[in-house]
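1. Sharing a model that was predicted from the sequence below.
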Amino acid sequence: MFITGFNPHYMEMAEKLSSLSGTQVITTLQKPVHLQDLREALEG
């Protein structure tokens, strides 16, 4: 799971790098994170 408040492009790059390394990305969230969005992401 990635959570960032920086440029959304950084998140895209992190997702691509994770994918290339074989790491599973569950979800990505932008700050400010809404509690309901975080709950849904963690519940899967």
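-> Yep, that arrived. Bear in mind the structure is a predicted one, so any value in this text is a computation, not a measurement. Numbers count the residues shown, from 1 in each chain.
2. Nearest residue to the residue sitting nearest the centre point of the chain in space, please, no chain neighbours.
-> Nearest to the mean C-alpha position of the chain, by Cα atoms, centre = their mean, lies T28 at 2.0 Å. What sits nearest to T28 in space, not counting adjacent residues and going by Cβ to Cβ, 6 or more residues apart in numbering, is F2, at 4.6 Å. Heads up, the C-betas are built off the backbone N, CA and C, glycines and all.
3. so what's the one you found up against?
-> Taking Cβ atoms under 8 Å, 6 or more residues apart in numbering, we find F2 in contact with 11, 14-15, 25, 27-29.
4. Now render those residues as a markdown table, adding pLDDT.
-> Shown next, in a markdown table, are those (pLDDT from 0 to 100):
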| residue | pLDDT |
| --- | --- |
| M11 | 87 |
| A14 | 87 |
| E15 | 87 |
| V25 | 81 |
| T27 | 85 |
| T28 | 86 |
| L29 | 88 |
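5. ok, these vs L42, which is closest?
-> T27 (9.1 Å; Cβ to Cβ).
6. Now that the closest one has come up, it's in contact with E15, right?
-> No: applying Cβ atoms under 8 Å, one finds T27 not in contact with E15, separated by 10.0 Å.
7. Tell me the helix or strand right after the longest helix belonging to the chain.
-> Secondary structure of the chain per DSSP state H: the longest helix is helix 8-21. Later in the chain than helix 8-21, the nearest helix or strand by DSSP states H and E is strand 28-30.
8. what's whichever helix or strand comes after that next one in contact with?
-> Downstream of strand 28-30, the first helix or strand assigned by DSSP H and E is helix 35-43. Residues outside helix 35-43 that contact it (Cβ under 8 Å, 6+ apart): 1, 26-27, 29.
9. Flag every buried residue along helix 35-43.
-> Residues of helix 35-43 classed as buried by neighbour count (16 or more other Cβ atoms under 10 Å): none.
10. Alpha carbons only: can I get it in PDB?
-> The C-alpha trace of helix 35-43 is given here as PDB (Å, rounded to 0.1, in the frame of the first residue of the first chain):
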ATOM      1  CA  LEU A  35     -10.600   6.900   7.200                       C
ATOM      2  CA  GLN A  36     -13.200   5.000   5.200                       C
ATOM      3  CA  ASP A  37     -10.800   4.600   2.200                       C
ATOM      4  CA  LEU A  38      -8.100   3.300   4.500                       C
ATOM      5  CA  ARG A  39     -10.500   0.800   6.100                       C
ATOM      6  CA  GLU A  40     -11.600  -0.500   2.800                       C
ATOM      7  CA  ALA A  41      -8.000  -0.900   1.600                       C
ATOM      8  CA  LEU A  42      -7.100  -2.800   4.700                       C
ATOM      9  CA  GLU A  43     -10.100  -5.000   4.500                       C
END
